[in-house]
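Participant: below is the structure, and that's it, no one-letter string:
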């Protein structure tokens, strides 16, 4: 009995221990995710680059992990807008690299809606570097986002990314604050109703309100923008962009409007 | 039980505590100048471990004793793979990453004399340049004319490289040779591409010194790959005063099966009615083409693509040749099909296999001439690329081609007598050429910033009964992040033109044409621009000469030498380029024993292109092209033939006169419009409307000279764009 118990326990422990030694360490992954979020909150490029490098290292070590490729792409998506005004060539490389990682993720799981949505966002960004490619990348981005929405119609991050693309897209191509706000409100609702899922990527709830506020701001709905920024801060009090830039700006504009 | 549990816990402790046994490996990642590279990733794939460097380029990894392979990468640097032996007392590692040259935007057409090395090499024209450049008609072959190395005379779109005729360059589509990919092929060797630029993903063009991968050409290579949209669902409808077209992509099974297709028809009658024509067409020329590509992705790395291209055109015109004016009728039809598969085997070897077939038929009538030409071509090839080590990439492949050509009809017995009642002779030639080949090539990093490509190929020629061996090599020294110096040399062979190989009217024992290329180049690249200078020398041997005993012989010789310069720049919303080519070439071939200039190249050619994005919706473009005069053989006198009752020309020295220089200025305005959201058009639909001014200076460029009936008056045959033309059009994508 004792021998059987010992063998069973040994088998259990070996199975339990072996994957931990081979698979990406959850603690390392969590640390990289935390670093990424810290970089987003502080809008610090070096922090984001550090987080991206961690994900890249993990993806290199475990190239058959869909999620690791996805996270590198998310890091690239976060970095590109911040670097666009400075090291433009590097920003373009990151943008292309992000698309490559999305393709790698989709090669492993063709129905990965979030990877498709991130890819669509990066394709949209790529047209900024090469406006002539708009005729091909534009429709590709729209097609990828449509497919993502078809695969995961209740995924809040897909709606969030779609909303951000729509906000940044010229009205002539179907973009603008109005259509963007509709999508971002859906993202907010899906985030609010999403069940707690530790396996989910777990980012974006505050972004949905931040970008919703940006869309409201574009519509000159200052009260709406202010309320949304405040909600974003409730969810993520560490967001310096919302705290130090967006919220004061909307307050200033409101004050000036009141003084007039 | 207690002892058993102790053992289990001890074993579990051993497993769980494995990292405690590991050796701490430290190191630094830096660039070639010793500067630390921060945020580089360092991974050990076998152990599924990874880390990143800190601000000082340092990293720490705990690895078990024994061998380990580190993969190191950072955006902007070439990845490195380092094999180490982890042992107690292992010294800190020092890993150097080489900078990658700055990549430019989306590549559509690139040139390089140094092999197919990808986006980072050679001058680059983006898709935007192809689509937006004035006068290019968004045509791939016309856009090539704006690059150095293509010293094509006049309006033609044929790929004439550094003085060589078009058949000395091989054009490949989806890895398979394609012949006659032009519309209106007899007009300056082809006026436009038979392939819609919408379908093209990228095109590699080399004007010399190209890799061992390419055989059957002694001058140049144009290698076109088609778009590979994954789940793209889009349609484009375009029209202008000279034609209309539709194209689209559909995901038949999302992620797995996709279809892309294009249909075009050109009918320039409206243009001729508006602006007149330099030629008297009996009916306006018409061309049509259709292309489709079905792609099946059967695995994450594997895909099979079936491509089909059909194209045709016809012309009926009142034309003049020498001193005869008569009806000229011409029709061409080509059908090309290719099956291509791509996959990665054993995780490291990329395989590409291609099978293709082409049927080409054409016919023409003028005066006493009535002839047909048909070609049946079959080709199969297999290519493999193996990244053997971080320093070596080995490529190899095999190919087999069979081309069956038949030219038959009635031709004038005297090549200067095209009168309708001229004496004629019947001609029926039917040569078949089978040419198998194989190649091997190694791209290697020699030492530091010195890179090399060394390879060779063997080809067999059934008709000539011979074979050829071509060694080829290229060397690149990456001076720094922006500058590269290159040298390339190689030997090239191709079979003589089919009509010279006919068993009855030709010489099937002709040796393959041979050329040696030597090229030296300098390139400077940054995110703002790209400068490339290239000097070349090409030596020809075994060119075809006329021989009284065997019809033809292989003892012709020649050379081409010159300089190409290309400067491309981008500043804010302004971009453009200047290309200049100087060419000096002489060939001793056919019936003249002296080395002569060729009509397939001009001595000086200049192209200036400027593109300005005035706003998100408004783009302006200008293009100016200049080419010094093309050589031609003048008529210096005349003689009366009492038997025929006709005047005949007395020619001067071959190619001893020159047509006046060619100038042309084109302008283009493109505006993006918001299409009405009706008929189910998606809000993301785009509409590009454009207005193009062709030859706005109204210069009547000359293509050739003809004469009146008694050879007392010379008549200029003018360019197809000899009049000022305004062309309006649009492209709607939804």
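Facilitator: Cool, got the structure. Quick caveat, the model's predicted, so the values are computed rather than measured.
Participant: which segments of the chain make up each domain?
Facilitator: Chain wasn't specified; assuming chain A. Domains of chain A are assigned by automatic domain parsing as A:27-130+A:144-153, A:154-195+A:203-253.
Participant: my question was about chain B
Facilitator: B:20-96, B:109-733.
Participant: state the pLDDT value of residue B:529.
Facilitator: pLDDT for residue B:529: 77.
Participant: quick one: residues contacting it.
Facilitator: B:567, B:568, B:569, B:570 (CB atoms under 8 Å, 6 or more residues apart in numbering or on different chains). Every residue, glycine included, has its C-beta placed from N, CA and C.
Participant: still on that earlier bit, now the domains of chain A in a markdown table, with distance to chain B?
Facilitator: Output for the domains of chain A, formatted as a markdown table (distance: least, CB to the nearest CB, whole Å):
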| stretch | distance to chain B |
| --- | --- |
| domain A:27-130+A:144-153 | 3 |
| domain A:154-195+A:203-253 | 3 |
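Participant: tell me which of those sits most buried.
Facilitator: Among the domains of chain A, ranked by average contacts under mean count of other CB atoms under 10 Å in any protein chain shown, first place goes to domain A:27-130+A:144-153 (a mean of 22).
Participant: okay, the domains of chain A in JSON lines with distance to residue B:689 and mean pLDDT next?
Facilitator: Listed next are those as JSON lines, based on distance: least, CB to CB, whole Å; pLDDT from 0 to 100:
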{"stretch": "domain A:27-130+A:144-153", "distance to residue B:689": "19", "mean pLDDT": "90"}
{"stretch": "domain A:154-195+A:203-253", "distance to residue B:689": "13", "mean pLDDT": "91"}
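Participant: closest one to residue B:487 among those domains?
Facilitator: Minimum separation from residue B:487 across the domains of chain A (CB to CB) falls at domain A:27-130+A:144-153, 27.7 Å.
Participant: other SSEs contacting the helix or strand containing residue B:313?
Facilitator: Per DSSP states H and E, residue B:313 falls inside strand B:303-321. Secondary-structure packing of strand B:303-321 (3 or more CB pairs under 8 Å, 6 or more residues apart in numbering or on different chains; DSSP states H and E): strand B:280-297, strand B:324-345.
Participant: the helix or strand just after the last one vs chain A: in contact?
Facilitator: Pointing back at strand B:324-345 there. Per DSSP H and E, the first helix or strand lying C-terminal to strand B:324-345 is strand B:349-366. No: applying CB under 8 Å from any CB of the partner chain, one finds strand B:349-366 separated from chain A by no less than 14.6 Å.
Participant: would you mind getting the angle between strand B:349-366 and strand B:303-321?
Facilitator: Counting by axes from the mean of the first three to the mean of the last three CA atoms, to 10 degrees, strand B:349-366 points 20 degrees away from the direction of strand B:303-321.
Participant: flag every buried residue along the very next helix or strand once past strand B:349-366.
Facilitator: Heading C-terminal from strand B:349-366, the first helix or strand you meet, by DSSP H and E, is strand B:369-389. The neighbour-count check on strand B:369-389 (16 or more other CB atoms under 10 Å in any protein chain shown) flags B:369, B:371, B:373-375, B:377, B:379-383, B:385-386 as buried.
Participant: tell me where the stretch 1-150 of chain B has strands.
Facilitator: B:23-30, B:41-44, B:49-52, B:58-63, B:66-73, B:80-86, B:93-96, B:109-111, B:124-125 (DSSP state E, counting those that start in this stretch).
Participant: what's the fifth one packed up against?
Facilitator: Other helices and strands packing on strand B:66-73, by 3+ CB pairs under 8 Å, 6+ apart, are helix A:45-61, strand B:41-44, strand B:80-86, strand B:93-96.
Participant: what about the strands in the stretch 551-700 of chain B?
Facilitator: With DSSP E, counting those that start in this stretch, the ranges of strands along the stretch 551-700 of chain B come out as B:551-571, B:574-588, B:604-613, B:618-627, B:631-632, B:635-641, B:646-651, B:657-658, B:662-673, B:686-694.
Participant: who does the fifth one touch, helix- and strand-wise?
Facilitator: If I follow you right, that is strand B:631-632. Contacts defined by 3+ CB pairs under 8 Å, 6+ apart place strand B:631-632 against strand B:657-658.
Participant: list of residues touching the strand it packs on?
Facilitator: With CB under 8 Å, 6+ apart as the criterion, strand B:657-658 contacts B:628, B:629, B:630, B:631, B:632, B:633, B:634.
Participant: how about the last one, phi and psi?
Facilitator: The one in question is residue B:634. phi -80, psi 160 (degrees, to the nearest 10).
Participant: again with the second one
Facilitator: Phi and psi for residue B:629, reported as degrees, to the nearest 10, are phi -60, psi 140.
Participant: mind putting the contacts of strand B:657-658 in JSON lines, pLDDT included?
Facilitator: Formatted as JSON lines, the contacts of strand B:657-658 follow (pLDDT from 0 to 100):
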{"residue": "B:628", "pLDDT": "90"}
{"residue": "B:629", "pLDDT": "88"}
{"residue": "B:630", "pLDDT": "88"}
{"residue": "B:631", "pLDDT": "90"}
{"residue": "B:632", "pLDDT": "91"}
{"residue": "B:633", "pLDDT": "92"}
{"residue": "B:634", "pLDDT": "92"}
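Participant: buried ones among the residues you listed?
Facilitator: B:628, B:629, B:630, B:631, B:632, B:633, B:634.
Participant: which one of the residues you listed is nearest residue A:58?
Facilitator: residue B:628 (60.1 Å).
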